[in-house]
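> Dropping a prediction and its sequence here:
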Amino acid sequence: MPKALKRIDAGSLNLKEQVVAINRVTKVVKGGKNMSFSALVVIGDPSAKVVGYGIGKAKEVPSAIRKGIEAAKKTLRRINVLENTIPHQVLGKYESSQVLLKPAPAGTGVIAGGAVRAVITACGIPNVLTKSIGRRNAHNVVKATIVALESLRERGQIAEMRGLAVEKL
């Protein structure tokens with residue numbers, strides 16, 4: 001069961017949205033086929049290190065994207081990041097998709113593919129190496145990347161969990 005998220009106010013942030021995937025879906029009914037669109041959207045504020053994702057479905061693409069953005073605003077979460085990279089290597093898993101994130105020196109940039117790149121740039125990490133392992137389904141890759149980013153911890157948090165001084169780590 002997912003832990004309760006502390007709601008982040010989307011109104012005070014400078015959110016940038018990016019559409020990751022648009023899928024045309026069809027429902028077969030008695031009178032024929034009902035066409036609609038599903039949109040996967042990632043939003044984030046690079047300066048505040050906040051990111052979220054959402055899925056919207058509607059008869060037209062623009063309204064599906066708008067619904068996806070509204071859903072993403074409800075799932076915003078804060079990410080622990082150093083000045084120019086992530087604190088440590090981490091592997092995020094969701095279903096059969098896995099995403100490996102590795103810290104990178106300054107000047108490397110974001111080495112990532114499609115769905116992972118959208119999440120990384122939305123939360124404002126300037127230098128990181130990534131590898132997508134397993135299934136490349138955009139929905140699951142985005143969720144695996146969010147899981148990986150949520151599991152990032154700072155030295156102070158790890159020391160507190162272990163009951164040690166920060167210098168002993």
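Thanks, I have the structure now. Remember, predicted model here, so these are calculated numbers, not experimental data.
> quick one: low-confidence ranges for this structure?
Applying pLDDT under 70 to the chain picks out residues 1-6, 169.
> Domain map for the protein?
10-77, 79-161 (automatic domain parsing).
> contacting residues for the nearest residue in space to A72 that is not next to it in sequence?
The shortest distance from A72 to any non-neighbouring residue, by Cβ to Cβ, 6 or more residues apart in numbering, is to G54 (3.3 Å). (Each C-beta comes from the backbone N, C-alpha and C, glycine too.) By Cβ atoms under 8 Å, 6 or more residues apart in numbering, G54 lies in contact with L40, V41, I43, K67, G68, I69, E70, A71, A72, K73, K74, T75.
> Are any of these buried, and if so which?
Buried by 16 or more other Cβ atoms under 10 Å: L40, V41, I43, K67, G68, I69, A71, A72, K73, out of the contacts of G54.
> Next step: these restricted to helices.
Residues of the buried ones among the contacts of G54 located in helices (DSSP state H): K67, G68, I69, A71, A72, K73.
> and of those, the nearest to R135?
The closest of those to R135 turns out to be G68 (Cβ to Cβ; 21.3 Å).
> any idea how far the residue lying closest to N14 once chain neighbours are set aside lies from D9?
Using Cβ to Cβ, 6+ apart and skipping residues adjacent in sequence, the residue nearest N14 is D45, 5.4 Å away. Between D45 and D9 the distance is 11 Å, computed by Cβ to Cβ, to the nearest Å.
> what about A138, how many neighbours?
With neighbours defined by other Cβ atoms under 10 Å, the count for A138 comes to 16.
> In this model A21 seems to touch it, though I could be wrong.
Yes: between A138 and A21 there is a contact under Cβ atoms under 8 Å: 4.2 Å.
> ranges for the strands of this structure?
Assigned by DSSP state E, the chain shows strands spanning 16-29, 32-45, 50-58, 77-78, 90-94, 97-103, 110-111, 128-134.
> before we move on, the earlier item: show me the contacts for the residue nearest to N14.
L13, N14, L15, K16, G124.
> Show me how to select, in ChimeraX, the buried members of those residues.
Selection of the buried residues among the contacts of D45 in ChimeraX, burial being defined by 16+ other Cβ under 10 Å:
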select :13,15,124
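> As JSON lines, the contacts of D45 with distance to V142 would be great.
Below are the contacts of D45 laid out as JSON lines (distance: Cβ to Cβ, whole Å):
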{"residue": "L13", "distance to V142": "19"}
{"residue": "N14", "distance to V142": "21"}
{"residue": "L15", "distance to V142": "16"}
{"residue": "K16", "distance to V142": "16"}
{"residue": "G124", "distance to V142": "16"}
